[in-house]
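Q: Predicted model and sequence follow; I will ask about them next.
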Amino acid sequence: MYDTIIIGAGMSGLAAGIRLAMFDQRVCVLERHTTIGGLNSFYRLRGRDYDVGLHALTNITPKGTKKGPLAKLLRQLRMSWDDFAISSQLGSKIIFPGVQLRFDNDIALLRSEVKNEFPDQVDNFDRLISEIADFDDLGSDEQHISARVRVAEIISDPLLVEMLFCPLMFYGSAREQDMDWGQFSIMFRSIFLEGLGRPHAGVRLILKQLVRKYRELGGELKLRAGVKEIVVDGGHATGVILESGEQLEARRVLSSAGWNETMRLCDDGQPVTLRQSGRLSFCETIASLDLQPQELGHRATVTFFNDSNKFQWSVPEGPCDVRSGVICSPNNFAYDEALDLGTMRITALANFDYWHGLDQRQYQLEKLRWYERITASAVRFVPDYRSRVLDTDMFTPQTIVRFTGHDNGAVYGAPEKQLNGCTHLPNLFICGTDQGFVGIIGSILSGISMANQHCLRD
């Protein structure tokens, strides 16, 4: 009998496991795959190491900072800044036709860029910063109002509005064309007021440290242990049945599988509330280069681009939307020593239904075709690196479904979040994407918060 079974060995599940094992709970984390991390993972292909999911950590504040999500995370997990060895971004860009805004981990740079490019908006921008800084993530009754409506009441230039929404949506919006004001405020703080960083070793270091801590505390991790059913008896979750047929008992279950995905696992036969599944998914290309991107004159850490004055955040009609995207170079952080391999990654919105409907031969051909189209779109905004490519890879919405189980390959889950983590059963809870925190830091905090609120109270 376990105290808590946790479904999913992603960031939130592992963090929750650490928190519970810290207080001597008997905890088991179950993962259906052969490795941990979900989409935020890593792999080796043709002799080269690749990160998946991680462009950059958000919420990065200087070492020794006592406030903010990163500081809270480190305290709650009893870990140190040095455990993650985070280096700050060199600097990033938002590029629209005829205008660009640079930003780094000091809001003063973005403010000066707004002042130069939109001089009549700088006071409005200051007001926006002030309102976001004062926003209560949990207590505000304005949590779910439209961010587009709220921002337009403060920023009167439509182009600046679109430029501010572009990176925040790419890094955390499950809603098409809009965000909740609360989510906008959280993402604005995460990216612009705090900042971006990355460990030199990438996501594998974060996962390695989380698993090390979890196992040191006595936590149990089972790989190749997909959950077939959550067993319900007398209105309570009593454990799970694995795909292998093995049954495990527990006093409570914490699931990072997603709201709808978790509801479908329940075997009680009672009607449960299924929600609109998220529809926003991505394709991402990864190119390994024979030189550092800075040798081509490319120093930006992340470039968010859009080729018109209006930013569209919706499911594309075709396989991918190459009008906008995110270009990231994991080389362009302030490391003490350079990465061995030059890398460029490009992310674009993608249509799950299209990719899901292909047979294997068509799927491979379309990956080749859209790798070229996505890359051709991106090199309008960065130096053309195509002649320096050693090797490539690409993931699609199908890949996301395979490694996360999310309906439609929706990276950010369902538009409606369950902020308190509660379900129709008093001892079944959710954490992770559909609880409401996004990004790696957000996912880890989600696991910590849900463990604290629901699994350490009795």
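A: Noted; the coordinates are in hand.
Q: in the stretch 251-400 of the chain, which segments are predicted with low confidence?
A: Along the stretch 251-400 of the chain, segments meeting pLDDT under 70 span 270-272.
Q: all helices of it, in order?
A: Along the stretch 251-400 of the chain, the segments classed as helices by DSSP state H, counting those that start in this stretch run 259-265, 352-356, 360-378, 397-404.
Q: and the second one, how far from the chain's centre?
A: Helix 352-356 has its average C-alpha position 21 Å from the chain's average C-alpha position, going by C-alpha atoms, centre = their mean, to the nearest Å.
Q: about what we covered before: what's the closest of the helices of the stretch 251-400 of the chain to Pro158?
A: Shortest distance between Pro158 and the helices of the stretch 251-400 of the chain, using C-beta to C-beta, is found for helix 360-378: 23.3 Å. Bear in mind the C-beta positions are built from the backbone N, C-alpha and C, glycine included.
Q: So which residues make contact with the closest one?
A: 283, 285, 287, 305, 307, 319-320, 322-323, 325, 327, 344, 346, 348, 355, 358, 386, 392, 394, 396, 398 (C-beta atoms under 8 Å, 6 or more residues apart in numbering).
Q: buried ones in that helix?
A: Burial within helix 360-378, assessed by neighbour count using 16 or more other C-beta atoms under 10 Å, is assigned to Glu366, Lys367, Trp370, Tyr371, Arg373, Ile374, Thr375, Ser377, Ala378.
Q: and the helices of the stretch 251-400 of the chain as JSON lines, adding distance to Arg275?
A: What follows is the helices of the stretch 251-400 of the chain, written out as JSON lines (distance: least, C-beta to C-beta, whole Å):
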{"stretch": "helix 259-265", "distance to Arg275": "6"}
{"stretch": "helix 352-356", "distance to Arg275": "17"}
{"stretch": "helix 360-378", "distance to Arg275": "29"}
{"stretch": "helix 397-404", "distance to Arg275": "17"}
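Q: Show me where the stretch 101-250 of the chain dips below the pLDDT cut-off.
A: Across the stretch 101-250 of the chain, the ranges flagged by pLDDT under 70 are 137-142.
Q: returning to that earlier point: filter the contacts of helix 360-378 down to the buried ones.
A: Using 16+ other C-beta under 10 Å, the buried ones in these are 283, 285, 287, 305, 319-320, 322-323, 325, 327, 344, 346, 348, 355, 358, 392, 394, 396, 398.
Q: In strands, which of the contacts of helix 360-378 fall?
A: Residues of these located in strands (DSSP state E): 283, 285, 287, 305, 320, 322-323, 325, 327, 344, 346, 348, 392, 394.
Q: Out of the residues you listed, the closest to Ala451 would be?
A: For the ones in strands among the contacts of helix 360-378, the closest approach to Ala451 (C-beta to C-beta) belongs to Cys283, at 33.8 Å.
Q: For that closest one, list each beta-bridge partner.
A: Here Cys283 sits in beta bridges with Ala348, going by DSSP bridges.
Q: pretty sure it is touching Cys320, no?
A: Yes - applying C-beta atoms under 8 Å, one finds Cys283 in contact with Cys320, separated by 5.2 Å.
Q: Find residues that contact each of the two.
A: Residues touching both Cys283 and Cys320 (C-beta under 8 Å, 6+ apart): Ala348, Ala350, Trp370, Ile374.
Q: how about the nearest residue to the second one, chain neighbours excluded?
A: With C-beta to C-beta, 6 or more residues apart in numbering as the measure, Cys283 is the residue that lies nearest to Ala350, at 4.2 Å, once sequence neighbours are left out.
Q: what sits against that neighbour?
A: By C-beta under 8 Å, 6+ apart, Cys283 lies in contact with Pro319, Cys320, Thr347, Ala348, Ala350, Trp355, Trp370, Ile374, Met394, Phe395, Thr396, Pro397.
Q: mind giving me TSV with those residues and columns for distance to Gly182?
A: As requested, these are exported to TSV (distance: C-beta to C-beta, whole Å):
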residue	distance to Gly182
Pro319	32
Cys320	30
Thr347	24
Ala348	27
Ala350	27
Trp355	31
Trp370	34
Ile374	32
Met394	34
Phe395	30
Thr396	31
Pro397	27
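Q: Relative to Glu249, which of these is nearest.
A: Nearest to Glu249 out of the contacts of Cys283 is Pro397 (C-beta to C-beta; 35.7 Å).
Q: any idea how far the closest one is from Gly436?
A: Distance from Pro397 to Gly436, counting by C-beta to C-beta, to the nearest Å: 22 Å.
Q: From His454, how far off is Asn427?
A: Asn427 is 8 Å from His454, where distance means C-beta to C-beta.
Q: what about the helices in the stretch 101-250 of the chain?
A: 107-117, 122-134, 147-152, 158-170, 181-188, 203-216.
Q: In CSV: the ones you listed, plus distance to Leu45 and mean neighbour count.
A: As requested, those are exported to CSV (distance: least, C-beta to C-beta, whole Å; neighbours: other C-beta atoms under 10 Å):
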stretch, distance to Leu45, mean neighbour count
helix 107-117, 36, 17
helix 122-134, 40, 15
helix 147-152, 38, 17
helix 158-170, 25, 22
helix 181-188, 31, 24
helix 203-216, 14, 19
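Q: Mind checking those for the one nearest to Phe96?
A: helix 158-170 (5.6 Å).
Q: Packing partners of the closest one?
A: Where contact means 3 or more C-beta pairs under 8 Å, 6 or more residues apart in numbering; DSSP states H and E, helix 158-170 is packed against strand 92-96, strand 99-103, helix 147-152, helix 181-188, strand 302-306, strand 320-328.
Q: That helix versus strand 320-328: what angle between them?
A: 80 degrees (axes from the mean of the first three to the mean of the last three C-alpha atoms, to 10 degrees).
Q: Can you check what angle separates helix 158-170 from helix 122-134?
A: Calculated by the same axes, to 10 degrees, helix 158-170 forms an angle of 30 degrees with helix 122-134.
Q: and helix 158-170, how far from the chain's centre?
A: In terms of C-alpha atoms, centre = their mean, the centre of helix 158-170 is found 18 Å from the chain centre.
Q: now the strands for the stretch 1-150 of the chain?
A: Counting by DSSP state E, counting those that start in this stretch, the stretch 1-150 of the chain has these strands, from start to end: 2-7, 27-30, 41-45, 48-52, 86-88, 92-96, 99-103.
Q: want to try JSON lines for the ones you listed, with distance to Glu243 and mean neighbour count as columns?
A: Formatted as JSON lines, these follow (distance: least, C-beta to C-beta, whole Å; neighbours: other C-beta under 10 Å):
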{"stretch": "strand 2-7", "distance to Glu243": "12", "mean neighbour count": "25"}
{"stretch": "strand 27-30", "distance to Glu243": "10", "mean neighbour count": "25"}
{"stretch": "strand 41-45", "distance to Glu243": "20", "mean neighbour count": "15"}
{"stretch": "strand 48-52", "distance to Glu243": "23", "mean neighbour count": "18"}
{"stretch": "strand 86-88", "distance to Glu243": "37", "mean neighbour count": "19"}
{"stretch": "strand 92-96", "distance to Glu243": "42", "mean neighbour count": "23"}
{"stretch": "strand 99-103", "distance to Glu243": "45", "mean neighbour count": "19"}
